[in-house]
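Enquirer: Output the structure for:
(chains A and B)
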Amino acid sequence: MHEMAIAQSILDITMDTAARSGAKKVTCIKLLIGQMTQVEPEALRFCFSAMAAGSLAAGAELEITIVPLVGHCRDCGGEYLIENFRFLCSACGSAALELISGRELRVEYLEVD
Amino acid sequence: MQIEVMTNILDKNDKLAAENNALLSQHGIFTLNLLGSPGSGKTSLLELTITALRNDIRMAVIEGDLFTAKDADRIACHGVPVVQINTGGGCHLDASMVKTALDKLDLTALDLIIIENVGNLVCPAEFNIGEDAKATVLSITEGEDKPLKYPLVFKQAGVVVLNKIDLLPYTSFDMAAATEDIVSLNPQVVLVTASCRSGEGLEGWYDWLKRQLAAKRSATVRP
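Expert: So this is what the prediction gives:
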């Protein structure tokens, strides 16, 4: 249940940002979550709503965008979706694949009143 | 009104982990984050490692468990410094817990710290704690399907130890499939097949550790 720790970090970032901007209420938190992170969106929403109760962010919606797992092949130069967690270039078979996306865990922006 | 944030959710933990790593690196200490399921053989591997390498390498252990000091007690019998962290139900160690544990060790007298994380293939993989590398232990009895079910913990490992190979004749474990899945997830991984019970194959693990220590030593300018 590491979603609890992740929810706490999201709440900390949200409260810091809200305090700096003088917001009265946070209505929506936009998150980018990579496909190769181990965050279960429903568990995260549940943890967040429990933690945010009574704060400026109480009732805020977590809007989650899942970012696909994409690799760049250093040998053939292509960019490919990584399927079934096979980190070999789907075009040339090379193992020299670097991740370009799919590991994000990021607060993108807040909607505030 | 919209406010741009663009902050990594684990930013605070990652910064603390980087501080831990900088402190350990100042002392030339190679730090390993040891991961795997409960019962996969992490503590047994540690005990054998201490016995095999203690004359050549000054090491300490940090033990992470939800409750009890059972693992720290096992390690303490081998006469190396050990600190137990109890997460009190928490499913993983984080950089802040490790920072507190490091305060209890004499870093000037160490070459290697192995941090045995909470037994769990999921949560510990998301949290850096200041390590130079991760090692993942998978035991034969867990089944060959685990790497693709829990990909991150195998993707991030510098070395994967397939433990309990002495039990292969008694299980339907498909070694070829396990190997293929681990290598395709992590083509750069060092894969060691071993048995902590018979001792078979452990040389590969000791060699890997010694190579990491040598690399750390050559990268370190001691004050």
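
Enquirer: Quick check: which element contains A:Glu56?
Expert: Let me fix one detail, which is that residue A:56 is Leu and not Glu. Assigned by DSSP states H and E, A:Leu56 falls within no helix or strand.

Enquirer: Now do the contacts for it.
Expert: Each residue near A:Leu56 by CB atoms under 8 Å, 6 or more residues apart in numbering or on different chains is listed here: A:14-15, A:18, A:23-26. Bear in mind the C-beta positions are built from the backbone N, C-alpha and C, glycine included.

Enquirer: ok, now how distant is B:Leu32 from chain A?
Expert: B:Leu32 is 21 Å from chain A, where distance means CB to the nearest CB, to the nearest Å.

Enquirer: Now do the same for B:Gly89: its pLDDT.
Expert: B:Gly89 carries a pLDDT value of 89.

Enquirer: Confirm for me that it is in contact with B:Leu66.
Expert: Yes: if you go by CB atoms under 8 Å, B:Gly89 and B:Leu66 touch, sitting 5.5 Å apart.

Enquirer: and those two? which has more neighbours close in?
Expert: B:Leu66 (14 against 8; other CB atoms under 10 Å in any protein chain shown).

Enquirer: Could you double-check that that one lies in contact with B:Ile85?
Expert: No: in this structure, B:Leu66 is not within contact of B:Ile85 by CB under 8 Å, at 10.0 Å.

Enquirer: in chain A, which helix has the most residues?
Expert: Longest helix of chain A, by residue count under DSSP state H: helix A:3-21.

Enquirer: Quick one: residues in contact with it.
Expert: A:23, A:26, A:29, A:31, A:39-40, A:43-44, A:46-48, A:50-52, A:55-57, A:60, A:62, A:105, A:107, A:110, A:112, B:3, B:5, B:7, B:9-13, B:90, B:92, B:94, B:126-127.

Enquirer: How far off centre is that helix?
Expert: 13 Å (CA atoms, centre = their mean, to the nearest Å).

Enquirer: residues in chain A within reach of chain B, list them.
Expert: A:1-2, A:5-6, A:9-10, A:12-13, A:17-18, A:21, A:23, A:31, A:36-38, A:84-88, A:95, A:97, A:105-113 (CB under 8 Å from any CB of the partner chain).

Enquirer: excluding its backbone neighbours, what's nearest A:Ala23?
Expert: A:Val112 (3.6 Å; CB to CB, 6 or more residues apart in numbering or on different chains).

Enquirer: Bridged to that neighbour, which residues?
Expert: Beta-bridge pairing of A:Val112 under DSSP bridges involves A:Val26.

Enquirer: Contact partners for the residue nearest in space to the middle of chain A?
Expert: Nearest to the mean C-alpha position of chain A, by CA atoms, centre = their mean, lies A:Ile33 at 2.3 Å. Applying CB under 8 Å, 6+ apart to A:Ile33 gives the contacts A:39, A:41, A:64-67, A:104-105.

Enquirer: The same query, at a cut-off of 7 Å, please.
Expert: A:39, A:64, A:66-67, A:104-105 (CB atoms under 7 Å, 6 or more residues apart in numbering or on different chains).

Enquirer: now swap in B:Gln26 and tell me
Expert: So B:Gln26 contacts nothing (CB under 7 Å, 6+ apart).

Enquirer: now it: how far from A:Glu111?
Expert: Using CB to CB, to the nearest Å, one gets 44 Å for the distance from B:Gln26 to A:Glu111.

Enquirer: So what's the residue count around A:Trp22?
Expert: Careful, residue A:22 is Gly and not Trp. Considering only other CB under 10 Å, A:Gly22 is surrounded by 7 other residues.

Enquirer: before we move on, back to that, in ChimeraX, how would I select the buried members of the contacts of A:Ile33?
Expert: In ChimeraX, this line selects whichever of the contacts of A:Ile33 come out buried by 16 or more other CB atoms under 10 Å in any protein chain shown:
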select /A:39,67,104,105
